[in-house]
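Q: Below are the sequence and a predicted model for it; my questions follow.
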Amino acid sequence: MIVFAHPWAGLLLPLPMIVHVLLPPYRQMQAGLRVPFLGVLARLSGQAPETGGVAARRGLFRGLVLTVCWICVVAALARPQRLDAPLHRDQPTRDLLLLVDLSASMDTSDFTNAEGETVDRVTASREVLEEFLATRKGDRVGVVVFGSAPFVLVPFTTDLVLVRRVMADMRAGMAGPRTAFGDAIGLGINLLADSRMKHKTIIALTDGNDTASQVPPGEAAAVAHDRGITIYAVAIGDPAAVGEDKLDEAALRDVAQVTGGEFFRAMDRAGLADIYRRLDAIETREVDTLSARPRTDLFAWPLAAMLLLSLGAQAIRLLPRARRRAQQAAE
């Protein structure tokens, strides 16, 4: 499909005719011959001399060539363009941040993998998270791991295959032995501070209570609520544990409630997988489809046509002169 970016240029088409009508002809003075017997010549010829000039008229062929050349110039000014087929691109509308506890207690082997083998909590969580990410097409996903301190494992990206590959290297204790859950929420808030997405969600997975944070989880959750961030807390492990490994369900429930999220507890891999299926249903995937039609400029074609036409017309006009000169030279 051909369109014109500047169709108003078509208003210039009658410009040469307007100039021709409104402006006076171009005057050119030429030398004349004065004779004392002009009156005698006028009587003999029967013509009376008059004052004025002679307006030269352009030939039909030359006028046609100039008209077509002007049309080509106006067409080029109108900037013709070819519209190609529409291109569609899906734009994510959600930033999804995963907070994964990698404290020393996550090394406890009380879960099973997909094959039924006994594995540690990190391995079981990683498998479930990979299955969860496989269905999250349309989101930007980031990963923060935390132990004694939080660290960004994967910044926000739409390349979920890359996220899953990086998560394969997660190991218990790699971020320190303790649990800084509140600081991890704070780091997540900072990562989401510049986000322009419609929805901002944090899914936090932990098996213990906060023992190393400078900012309590409740205060961090209040800030997250003010920033429009929803937090879902997923607790795994033994709720009957004591000491630093004790699961602080009250704090996790408070974090989820303050931000408008939910609290979940998983006792085994099947329960953990079911939680992430529920989260996938709650936090539905949304995308904005952006459409664009590429445009290819074609103004060079009318300009090339004008150039070829003018050169061809000039060649036709000069060809007879060249032949005459050649004949004169041959004689």
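A: Looks like it came in fine.
Q: Next, residue 200: phi, psi?
A: phi -130, psi 120 (degrees, to the nearest 10).
Q: Begin at 530, not 1, for the rest of this chat.
A: I'll keep to 530 as the first residue from here, and by that count the last item is residue 729.
Q: Now do the contacts for it.
A: By CB atoms under 8 Å, 6 or more residues apart in numbering, the contact list for residue 729 reads 623-624, 626, 721, 756-759. Glycine gets a C-beta too; all of them are placed from N, C-alpha and C.
Q: Check residue 613 too.
A: 822-825 are the contacts of residue 613 under CB under 8 Å, 6+ apart.
Q: State the pLDDT value of it.
A: Per-residue confidence (pLDDT) for residue 613: 84.
Q: What separation do you get for it and residue 532?
A: 11 Å (CB to CB, to the nearest Å).
Q: before we move on, what about residue 602?
A: Distance from residue 602 to residue 532, by CB to CB: 19 Å.
Q: quick revisit: okay, and the common contacts of residue 613 and residue 532?
A: residue 824.
Q: I'd assumed residue 673 was in contact with residue 682.
A: Yes - Residue 682 lies in contact with residue 673 (CB atoms under 8 Å); the separation is 6.5 Å.
Q: between those two, who's got more neighbours?
A: Higher neighbour count among residue 682 and residue 673: residue 673, with 24 against 20, using other CB atoms under 10 Å.
Q: Surely the more buried one is in a helix?
A: No - looking at residue 673 with DSSP: H, G, I helix; E, B strand; the rest coil, it is strand, so not inside a helix.
Q: In contact with it, which residues?
A: Contacts of residue 673 (CB under 8 Å, 6+ apart): 626-629, 679-682, 713, 716-717, 720.
Q: Do you know the pLDDT at it?
A: Residue 673 is given a pLDDT of 96.
Q: repeat for residue 774
A: 62.
Q: next one: the one 5 residues further on
A: The predicted local confidence for residue 779 comes out at a pLDDT of 87.
Q: Now do the host helix or strand of it: which elements does it pack against?
A: Applying DSSP states H and E as the criterion places residue 779 in helix 778-787. If you count contacts as 3 or more CB pairs under 8 Å, 6 or more residues apart in numbering; DSSP states H and E, helix 778-787 packs onto strand 728-735, helix 746-755, strand 758-765, strand 792-795.
Q: Any chance of JSON lines for these, columns mean pLDDT and distance to residue 557?
A: Shown next, in JSON lines, are the helices and strands packed on helix 778-787 (pLDDT from 0 to 100; distance: least, CB to CB, whole Å):
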{"stretch": "strand 728-735", "mean pLDDT": "92", "distance to residue 557": "77"}
{"stretch": "helix 746-755", "mean pLDDT": "94", "distance to residue 557": "83"}
{"stretch": "strand 758-765", "mean pLDDT": "92", "distance to residue 557": "82"}
{"stretch": "strand 792-795", "mean pLDDT": "90", "distance to residue 557": "96"}
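Q: Need the winner for burial among these.
A: Compared across the helices and strands packed on helix 778-787, strand 758-765 shows the largest average neighbour count, a mean of 25 (mean count of other CB atoms under 10 Å).
Q: Pairing partners for it, with directions?
A: strand 728-735 (parallel), strand 792-795 (parallel) (DSSP bridges).
Q: Just want the angle from the first one to helix 778-787.
A: Following axes from the mean of the first three to the mean of the last three CA atoms, to 10 degrees, one obtains 180 degrees for the angle between strand 728-735 and helix 778-787.
Q: right, so of the helices and strands packed on helix 778-787, which gets closest to residue 839?
A: For those, proximity to residue 839 was assessed by CB to CB; strand 728-735 is nearest, at 61.3 Å.
Q: How far does the closest one sit from its chain's centre?
A: Per CA atoms, centre = their mean, to the nearest Å, the displacement of strand 728-735 from the mean C-alpha position of its chain is 27 Å.
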